[in-house]
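Participant: dropping the sequence and predicted coords here.
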Amino acid sequence: MESDDKLLTTDTEPLRIVAFKHDAEVKLYIVGYECTIAVTSNGGLLGALLALLMAHYVFDLRYLPQHAMALAVFQTIVMEEPYTGKVSQNLKFFLKSIRNILGVKSSDDC
């Protein structure tokens, strides 16, 4: 089903999610920096996204600029860890709104 060449990365390629679908079966992987991490299918795409987030913690990596704000939301709301990178005023407002909806105590950091 999966193509091994799609899972191969160099030591400079950042982590990302790769999915293979065959009929009703989906296999998810976190790949990058010459690593391949198989993600269990029972977590689905959300599980893969959380695994990607955790891999950034474990390996102490910076988020890609294209994904930083989305991952900052997950880090701040789901993991309840402040995001220390640069954020926009729009993201700060969005996070405050989500915290209010969820009834989560707001903090000064992102």
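Facilitator: On my side now, so go ahead.
Participant: now stretch 48-63, how far from the centre of its chain.
Facilitator: 6 Å (C-alpha atoms, centre = their mean, to the nearest Å).
Participant: ok, now stretch 21-33?
Facilitator: Mean-position distance between stretch 21-33 and its chain equals 15 Å (C-alpha atoms, centre = their mean).
Participant: that one: which residues count as buried?
Facilitator: Leu28, Tyr29, Ile30, Val31, Gly32 (16 or more other C-beta atoms under 10 Å). (C-beta placed from N, C-alpha, C; glycine too.)
Participant: and the residues you listed, which is closest to Arg99?
Facilitator: Ile30 (27.9 Å; C-beta to C-beta).
Participant: I'd assumed that closest one was in a strand, is it?
Facilitator: Yes: the assignment for Ile30, made by DSSP: H, G, I helix; E, B strand; the rest coil, places it in a strand.
Participant: how close does it get to Met69?
Facilitator: From Ile30 across to Met69, the span is 20 Å (C-beta to C-beta, to the nearest Å).
Participant: show me what contacts the residue of the chain positioned farthest from its centre?
Facilitator: The outermost residue of the chain relative to its centre, with distances by C-alpha atoms, centre = their mean, is Asp23 at 25.8 Å. Neighbouring residues of Asp23 by C-beta atoms under 8 Å, 6 or more residues apart in numbering: there are none.
Participant: repeat that for Val26.
Facilitator: Each residue near Val26 by C-beta under 8 Å, 6+ apart is listed here: Ala19, Phe20, Ser41, Gly44.
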